[in-house]
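*Asks:* sequence? don't have it. structure:
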């Protein structure tokens, strides 16, 4: 699995496109990529990109909400029973 395969998913999540994000996640699953890989190399990367863009002085609440919604919809698709995947990414404000 390469970062190139995840890039469309990352972009869809960052722009907050729920439908496209879920479709891309389904396609990745169909190619044999595990749910954990999608979370770690797709959703976490998208959230890290958003974290880099947003500061305490400058942020767009709508963008944050749309990105979060798209990420959550993909997670709900990947883990319908509520399974937990341990993240390796810690947001700057928690470090």
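*Replies:* Happy to help now that I have it. Keep in mind it's a predicted model, so treat the numbers as computed, not measured.
*Asks:* which parts of the helix or strand hosting residue 70 are buried?
*Replies:* With elements delineated by DSSP states H and E, residue 70 resides in helix 61-78, which encompasses its position. By neighbour count with 16 or more other Cβ atoms under 10 Å, helix 61-78 contains the buried residues 66-67, 70-71, 73-75, 77-78. All C-beta atoms are positioned from the backbone trio N, CA, C, and that covers glycine.
*Asks:* swap in stretch 49-60?
*Replies:* Along stretch 49-60, these residues count as buried under the neighbour rule (16+ other Cβ under 10 Å): 50, 54.
*Asks:* that stretch: end-to-end distance?
*Replies:* End-to-end distance of stretch 49-60: 14 Å, with Cα to Cα, to the nearest Å as the criterion.
*Asks:* now for the helix or strand of the chain with the lowest mean pLDDT, which elements pack on it?
*Replies:* Scoring the helices and strands of the chain by mean pLDDT, DSSP states H and E places helix 44-53 at the bottom, with a mean of 89. Here helix 44-53 is seen to pack against helix 3-15, helix 61-78 when contacts are counted using 3 or more Cβ pairs under 8 Å, 6 or more residues apart in numbering; DSSP states H and E.
*Asks:* hmm, back to that, tell me the angle the helix holding residue 70 makes with helix 44-53.
*Replies:* 170 degrees (axes from the mean of the first three to the mean of the last three Cα atoms, to 10 degrees).
*Asks:* quick one: contacts for the spatially closest residue to residue 46 that is not a sequence neighbour?
*Replies:* Of all residues beyond its chain neighbours, the one nearest residue 46 is residue 13 (3.8 Å), with distances taken as Cβ to Cβ, 6 or more residues apart in numbering. Taking Cβ atoms under 8 Å, 6 or more residues apart in numbering as the criterion, residue 13 is in contact with 21, 42-43, 46-47, 67, 70-71, 74.
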